[in-house]
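Fold the stuff below for me.
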Amino acid sequence: MLTPDMSDTGWWIFAVLAGLAMGVVIASLCQTWRKRLYALVVPPCVGLAYVLGRTLAVGESAHEASYMYTLAALSAAITGLIYMPWMRRQIALRREGKAMGVEAKATKYGWLFVGTFALVVVGVAFLVH
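Predicted coordinates:
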């Protein structure tokens with residue numbers, strides 16, 4: 001419960017920083033500068049546009065959108081950091097032409113990722129709200 005008295009401006013600043021963190025994590029998996037720049041800008045902007053549009057479409061305030069976006073972007077960035085070594089190893093295996101370790105156990109890894117993401121979301125929600 002680190003942010004009980006945060007203003008709307010503070011939430012939007014926090015949302016932008018969370019979006020940048022998510023973009024940096026995604027961009028760190030890219031190989032070329034063009035793809036890194038694309039990954040740094042596009043996913044956070046598309047996510048923000050979606051959350052803001054959906055929140056305003058159902059009649060809620062922009063404050064709620066900033067909170068939901070911060071929660072999603074920060075959780076995605078933290079989960080990406082947790083799985084970064086594993087993802088880099090899979091990318092390296094694919095580049096070398098070797099079989100990736102995911103193919104045989106895709107369902108197991110998928111559920112493990114979803115479970116980790118859910119735990120991170122709960123942890124971040126507890127800390128920032």
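
Quick check: chain neighbours aside, which residue is closest to the residue nearest the centre of the chain?
For the chain, A76 is the residue whose C-alpha lies nearest the centre (Cα atoms, centre = their mean; 2.3 Å). In this structure, A76 finds its nearest non-sequential neighbour in M22, 4.9 Å apart by Cβ to Cβ, 6 or more residues apart in numbering. Where C-beta positions appear, they are placed from N, C-alpha and C, glycine not excepted.

quick one: what helix or strand has that neighbour in it?
For M22, the element it lies in under DSSP states H and E is helix 8-27.

Check which helices and strands the following helix or strand past that helix sits against.
Remark: after helix 8-27, the chain's next helix or strand is helix 33-57, criterion DSSP H and E. The contact analysis (3 or more Cβ pairs under 8 Å, 6 or more residues apart in numbering; DSSP states H and E) places helix 33-57 against helix 8-27, helix 62-96.

Run the angle between the shortest one and helix 33-57 for me.
In other words, helix 8-27. With axes from the mean of the first three to the mean of the last three Cα atoms, to 10 degrees as the criterion, the two stretches helix 8-27 and helix 33-57 enclose an angle of 140 degrees.
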